[in-house]
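Trainee: Got a sequence here, can you model it:
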Amino acid sequence: MTDKGYGKEGDSAATRYEKECLRDYYRRIDAMDDRQGGTRIRDRVNALGGVRVGAFGKYGEAGSGMMKVLNEWAKTMALKSYKSLGLEKPEEAVGWCRNSLVRTTGIAAWGLEFGE
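Mentor: Numbering: from 1, shown residues only. The predicted structure follows:
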């Protein structure tokens with residue numbers, strides 16, 4: 001696989017798509033700012049935390065942005081469900097919740113990296 005400028009070599013198609021969408025979104029923001037003069041729109045977007053993009057690929061793979069969302073979702077689920085699972089700490093339930101989400105959302109790739 002060669003790098004087409006959409007991300008580093010080895011990124012999943014969904015991650016490359018996320019990066020392409022992010023660049024496109026910021027290009028549109030910059031075009032609106034150019035028409036109005038200044039950087040008012042970009043400054044406001046950045047003040048709100050920037051733009052986050054999440055995508056699933058056509059073969060069920062998830063992009064890195066979507067994996068971050070699923071990881072946070074799993075942590076939230078773990079806080080609510082660890083006692084009902086018979087566990088002592090929420091951290092022990094994160095893996096179970098993550099696997100449940102992966103199955104529920106239909107992610108097919110099991111070689112996923114859930115970054116913290």
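Trainee: and I41, how many neighbours?
Mentor: 16 (other CB atoms under 10 Å). For every residue, glycine as well, the C-beta is placed using N, CA and C.
Trainee: Distance check, it against V53.
Mentor: When distances are taken as CB to CB, to the nearest Å, I41 and V53 turn out to be 17 Å apart.
Trainee: For T105, which non-adjacent residue is spatially closest?
Mentor: By the measure of CB to CB, 6 or more residues apart in numbering, the closest residue to T105 outside its immediate chain neighbours is L70, 7.0 Å from it.
Trainee: For the one you found, identify the helix or strand it belongs to.
Mentor: According to DSSP states H and E, L70 maps onto helix 64-81.
Trainee: tell me the average confidence for the helix or strand following that helix?
Mentor: Read in the C-terminal direction, the helix or strand following helix 64-81 is helix 90-105, with elements assigned using DSSP H and E. Model confidence over helix 90-105, given as mean pLDDT, is 88.
Trainee: same thing with stretch 12-27?
Mentor: Mean pLDDT, stretch 12-27: 90.
Trainee: cool, stretch 70-83 as well?
Mentor: 92.
Trainee: Then stretch 52-66?
Mentor: Here the mean pLDDT over stretch 52-66 is 82, rounded to a whole number.
Trainee: Report the separation between F56 and E20.
Mentor: Distance from F56 to E20, by CB to CB: 15 Å.
Trainee: mind checking how far the helix ranked longest in the chain is from the chain centre?
Mentor: Using DSSP state H to define each element, the chain has its longest helix at helix 13-36. Relative to the mean C-alpha coordinate of its chain, helix 13-36 is positioned 16 Å out (CA atoms, centre = their mean, to the nearest Å).
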